[in-house]
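# sequence? don't have it. structure:
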């Protein structure tokens with residue numbers, strides 16, 4: 001808000017609308033987190049090999065920990081690469 005002379009000029013804030021993220025594993029109880037399902041594991045890994053955060057994926061803390069654990073198992077078993085070049 002600026003005062004210019006006697007007039008008050010108001011700036012409007014840009015309001016961003018975010019879609020509510022949800023945990024796909026809590027929503028669908030039949031989905032299983034398994035290190036052998038490397039297609040699912042690759043969805044949660046960035047191109048450089050980092051595991052995506054729950055803030056980005058929308059997973060709850062319980063399932064995010066489980067995903068991280070299974071990705072590390074899959075990397076060790078060479079199902080998912082450590083980095084993609």
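Yep, that arrived. Note that the structure is a prediction, hence the values are computed from the model and not measured. Numbers count the residues shown, from 1 in each chain.
# pLDDT score for residue 84?
In this model, residue 84 is scored at 76, pLDDT.
# Please name the nearest non-neighbouring residue to it.
Of all residues beyond its chain neighbours, the one nearest residue 84 is residue 47 (5.2 Å), with distances taken as C-beta to C-beta, 6 or more residues apart in numbering. C-beta here means a position set from N, CA and C on the backbone, and glycine is covered the same way.
# what's the spacing between that neighbour and residue 75?
Noted for residue 47: a distance of 15 Å to residue 75, by C-beta to C-beta, to the nearest Å.
# Between those two, tell me which one has more neighbours.
Between residue 47 and residue 75, counted using other C-beta atoms under 10 Å, the more crowded position is residue 75 (18 against 8).
# which helices and strands does whichever strand or helix holds the more buried one pack with?
Per DSSP states H and E, residue 75 falls inside helix 61-76. Other helices and strands packing on helix 61-76, by 3 or more C-beta pairs under 8 Å, 6 or more residues apart in numbering; DSSP states H and E, are helix 24-27, helix 38-43, helix 54-57.
# Please name whichever of these is nearest to residue 69.
Go through the helices and strands packed on helix 61-76 one by one with C-beta to C-beta and the one that ends up closest to residue 69 is helix 38-43, at 10.9 Å.
# Can you tell me what sits against the closest one?
The list of residues contacting helix 38-43 from outside it, by C-beta atoms under 8 Å, 6 or more residues apart in numbering, reads 33-35, 67, 70-71, 74, 79-80.
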